[in-house]
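Undergrad: heads up, no residue letters with this:
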């Protein structure tokens with residue numbers, strides 16, 4: 001396994017750095033690149049799905065981004081302790097029929113000593129929105145890093 005700094009135990013700065021790195025990676029919509037942040041035997045709960053291992057993560061992400069078009073994500077540090085980080089997030093995308101969605105969620109992350117994520121638990125709710133209601137347009141500009149997400 002390769003190292004993925006910053007390493008636990010996390011402080012506020014390194015936890016925020018880890019969250020921003022995850023946001024940046026997911027906004028590439030590149031399943032292979034995203035999967036490199038996880039251990040080969042990483043365990044996920046994503047909504048009602050259970051995913052185990054990097055290969056399964058890659059397949060899950062491929063399917064996700066085939067149906068969640070123009071996906072754009074924002075993550076925010078919620079809390080941290082030792083080798084764990086809690087995150088809240090929002091993303092927007094549209095489906096093949098053109099319906100836009102905003103998805104709200106929380107994630108719990110657990111890391112190995114070399115900075116790879118061993119466990120990810122995600123709870124997510126979706127809300128249809130009009131295209132005019134969109135507020136997330138591509139990767140976060142540098143000037144917006146660290147800004148808090150609206151509640152709804």
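TA: Right, received. Where do you want to start? The model shown is predicted, which means the values in this text are computed figures rather than measured ones.
Undergrad: following the one helix or strand residue 89 maps to, which helix or strand shows up next?
TA: Residue 89 belongs to strand 84-94 when assigned by DSSP states H and E. Using DSSP H and E, the helix or strand that follows strand 84-94 towards the C-terminus is strand 100-111.
Undergrad: that following strand pairs with which strands?
TA: Strand 100-111 has the following strand partners under DSSP bridges: strand 84-94 (antiparallel), strand 117-129 (antiparallel).
Undergrad: and these: which comes nearest residue 35?
TA: Closest of the strands paired with strand 100-111 to residue 35 is strand 117-129, at 10.2 Å (criterion: C-beta to C-beta). C-beta here means a position set from N, CA and C on the backbone, and glycine is covered the same way.
Undergrad: how about the strands in this protein?
TA: With strands called from DSSP state E, the chain shows them at 38-46, 49-52, 69-81, 84-94, 100-111, 117-129.
Undergrad: now tell me what touches the fifth one from outside.
TA: Residues outside strand 100-111 that contact it (C-beta atoms under 8 Å, 6 or more residues apart in numbering): 7-8, 18, 68, 75, 78, 83-95, 117-131, 133-134, 136, 152.
Undergrad: ChimeraX command to pick out the buried ones of those?
TA: Here is the ChimeraX command that selects the buried residues among those (16 or more other C-beta atoms under 10 Å):
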select :7,8,18,68,75,83,84,85,86,87,88,89,90,91,92,93,94,117,119,120,122,136
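Undergrad: re earlier: which one of the strands of the chain lies nearest to residue 23?
TA: Nearest to residue 23, of those and by C-beta to C-beta, is strand 69-81 at 4.2 Å.
Undergrad: ok and that closest one relative to strand 100-111, angle-wise?
TA: 40 degrees (axes from the mean of the first three to the mean of the last three C-alpha atoms, to 10 degrees).
Undergrad: and strand 69-81, what does it pack against?
TA: Contacts defined by 3 or more C-beta pairs under 8 Å, 6 or more residues apart in numbering; DSSP states H and E place strand 69-81 against helix 12-26, strand 84-94.
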